[in-house]
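Q: Provided below are the primary sequence and the corresponding predicted coordinates.
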Amino acid sequence: MVASAFGMGILVLAYATGHHSGGQINCAVTLSLVLGGQVPWFQGLANFIAQMLGSVLGAIILTWIFPCEMDMTNSLGTNVVNPAFGYGAAFSGEVAMTFLLCYVVWETAVTARCGQAACIPIGFAVFLAHVVLLPIGASLICVTVTHLILLLQMVALSTPPAPSARPSSLACEVVPSTSPGTRATLASISLTCMQR
């Protein structure tokens, strides 16, 4: 259910914003498009800033809808790596699933073959990524949301999360901070080579 909500949410947002901005909601996708020469660096930077501001606004709205004491995770849904899997599995899964998302974006939204239906496979790619990553506990394919919910949780909320729900610094910083660049770079290099 959670994975389908993420997938449908991206599908709806991509259709709603695609004709304005290209529907770039994920900073790793934006970086991939910049590295692949599809988006100028200054537009990529502007998109990243808009993504961060949108994440802040979304996190604030989330705290109004679900105050921390009403949130069953006690952490605004901040991701915690499942100890049964470990950080290596979380990092590898994030790289693989964001690569999948970037690949689908390149093959549907960047090429003209898919037309207006491009948002459907993109939404399904996000759904698939969450189906795979949620058991690992680290579905961070949209790193701006993860960082900003964590920031809002630490700065703006008076109630800190329970220690058992608080993600470790490694889970919160290393996995989301390094894997987007890795996965976007891999996607843009391989997809640029495939198109030649």
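A: Perfect, thanks for sending it. Computed from a predicted structure; not experimentally measured.

Q: which residues touch the residue lying closest to residue 89 once chain neighbours are set aside?
A: Leaving out its chain neighbours, the residue that sits closest to residue 89 by Cβ to Cβ, 6 or more residues apart in numbering is residue 136, at 5.7 Å. Placement of C-beta: from N, CA and C, glycine included. With contact set as Cβ atoms under 8 Å, 6 or more residues apart in numbering, residue 136 has these partners: 81-82, 85, 89-90, 93.

Q: can you rerun that using 10 Å?
A: 79, 81-82, 84-87, 89-94, 97 (Cβ atoms under 10 Å, 6 or more residues apart in numbering).

Q: before we move on, what about residue 48?
A: With contacts defined as Cβ under 10 Å, 6+ apart, the neighbours of residue 48 are 24, 27, 30-31, 34, 144.

Q: in CSV: the residues you listed, plus distance to residue 111, neighbour count and pLDDT.
A: As requested, the contacts of residue 48 are arranged in CSV below (distance: Cβ to Cβ, whole Å; neighbours: other Cβ atoms under 10 Å; pLDDT from 0 to 100):
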residue, distance to residue 111, neighbour count, pLDDT
24, 16, 24, 85
27, 22, 22, 86
30, 18, 28, 90
31, 19, 23, 88
34, 17, 21, 91
144, 26, 25, 70
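
Q: among the residues you listed, which pair sits farthest apart?
A: 34 and 144 (15.1 Å; Cβ to Cβ).

Q: returning to what we had before: and the contacts of residue 136, which two are the farthest apart?
A: Maximum pairwise distance in the contacts of residue 136, criterion Cβ to Cβ, is 18.3 Å, between 84 and 97.

Q: more crowded one of these two?
A: residue 97 (24 against 9; other Cβ atoms under 10 Å).

Q: look up the closest residue to that one, ignoring the ones flanking it.
A: For residue 97, the spatially nearest residue (Cβ to Cβ, 6+ apart) is residue 129, at 3.7 Å.

Q: so what pLDDT did residue 129 get?
A: pLDDT, residue 129: 91.

Q: who are the neighbours in contact with it?
A: 3, 6-7, 10, 93-94, 96-101, 104, 139-142.

Q: in which helix or strand would I find it?
A: In this assignment (DSSP states H and E), residue 129 forms part of helix 119-133.

Q: swap in residue 25?
A: Going by DSSP H and E, residue 25 is not part of any helix or strand.

Q: identify, by residue count, the longest helix of the protein.
A: Longest helix in the chain, counting residues (DSSP state H): helix 41-65.

Q: and the next helix or strand past that one?
A: helix 87-105.

Q: and that following helix, what does it pack against?
A: helix 27-35, helix 119-133, helix 175-194 (3 or more Cβ pairs under 10 Å, 6 or more residues apart in numbering; DSSP states H and E).
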